[in-house]
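Engineer: no FASTA, just this:
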């Protein structure tokens, strides 16, 4: 069995879609020798519907409700690193739940970089499917501005452009004591 983090049970990684939350969660879990889970994958495994399918067939609000239920369940039952969805901290009191039940890290990138990463995945990102390619940077910048009050509450801030796993792992270990 993989051991859990020391002085807290979980680390939530938040940030915009395409910032690399899932990738970093997996790599950090290897570095720290702890469990990790991707919230979107968890939802799909539990319900049989991907976030994209939820939003397309039942609407975004229905997805946000099941996302919240899943977050609450993991905040009680799971120890390790949780990669959240890009909008997870922005709905209900999800950010407050994460702050109360673990540590939070915001993985941020600038709108142009995010647009470059996301430009080829618009078909699997329903929130972007309606956005014209030449308007993507502007759309992301607006979204980031709206979400900034939630993301900025995270206790740790990392740049998605710098992949400093060892440094980030050391920072987490320093927080753990």
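Structural biologist: Structure's in. What do you need? In this text, all values refer to a predicted model and were calculated from it rather than measured experimentally.

Engineer: now the strands for this structure?
Structural biologist: Applying DSSP state E to the chain gives strands spanning 10-14, 36-38, 80-83, 103-108, 156-159.

Engineer: phi and psi next, for residue 15.
Structural biologist: Main-chain torsions, residue 15, degrees, to the nearest 10: phi 150, psi 170.

Engineer: need the contact list for the residue lying closest to it once chain neighbours are set aside.
Structural biologist: Nearest residue to residue 15, sequence neighbours excluded (CB to CB, 6 or more residues apart in numbering): residue 107, at 3.8 Å. Placement of C-beta: from N, CA and C, glycine included. By CB atoms under 8 Å, 6 or more residues apart in numbering, residue 107 lies in contact with 13-15, 19-21, 24, 158-160.

Engineer: between those residues, which sits nearest residue 115?
Structural biologist: Taking CB to CB as the measure, residue 115 lies nearest residue 19 of the contacts of residue 107, at 11.9 Å.

Engineer: I figured that closest one hits residue 110, correct?
Structural biologist: No: with contact defined as CB atoms under 8 Å, residue 19 and residue 110 do not form a contacting pair (10.3 Å).

Engineer: show me where pLDDT drops low in the chain?
Structural biologist: Where the chain drops to pLDDT under 70, the residues are 1-8, 122-124, 162-163, 165, 176-177.

Engineer: please enumerate the helices of it.
Structural biologist: Remark: helices assigned in the chain by DSSP state H are 21-32, 39-47, 51-58, 60-77, 94-101, 111-118, 136-151, 165-176.

Engineer: may I see the ones you listed organised as CSV, with mean neighbour count and distance to residue 129 added?
Structural biologist: Shown next, in CSV, are the helices of the chain (neighbours: other CB atoms under 10 Å; distance: least, CB to CB, whole Å):
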stretch, mean neighbour count, distance to residue 129
helix 21-32, 19, 20
helix 39-47, 17, 17
helix 51-58, 17, 9
helix 60-77, 17, 12
helix 94-101, 18, 24
helix 111-118, 18, 11
helix 136-151, 16, 11
helix 165-176, 14, 32
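
Engineer: nearest to residue 128, of the ones you listed?
Structural biologist: helix 111-118 (6.2 Å).

Engineer: determine how far that closest one lies from the middle of the whole chain.
Structural biologist: Distance, stretch centre to chain centre, for helix 111-118: 16 Å (CA atoms, centre = their mean, to the nearest Å).

Engineer: and the angle for that helix with strand 103-108?
Structural biologist: Per axes from the mean of the first three to the mean of the last three CA atoms, to 10 degrees, the angle that helix 111-118 makes with strand 103-108 is 90 degrees.

Engineer: which other helices and strands contact helix 111-118?
Structural biologist: The contact analysis (3 or more CB pairs under 8 Å, 6 or more residues apart in numbering; DSSP states H and E) places helix 111-118 against helix 136-151.
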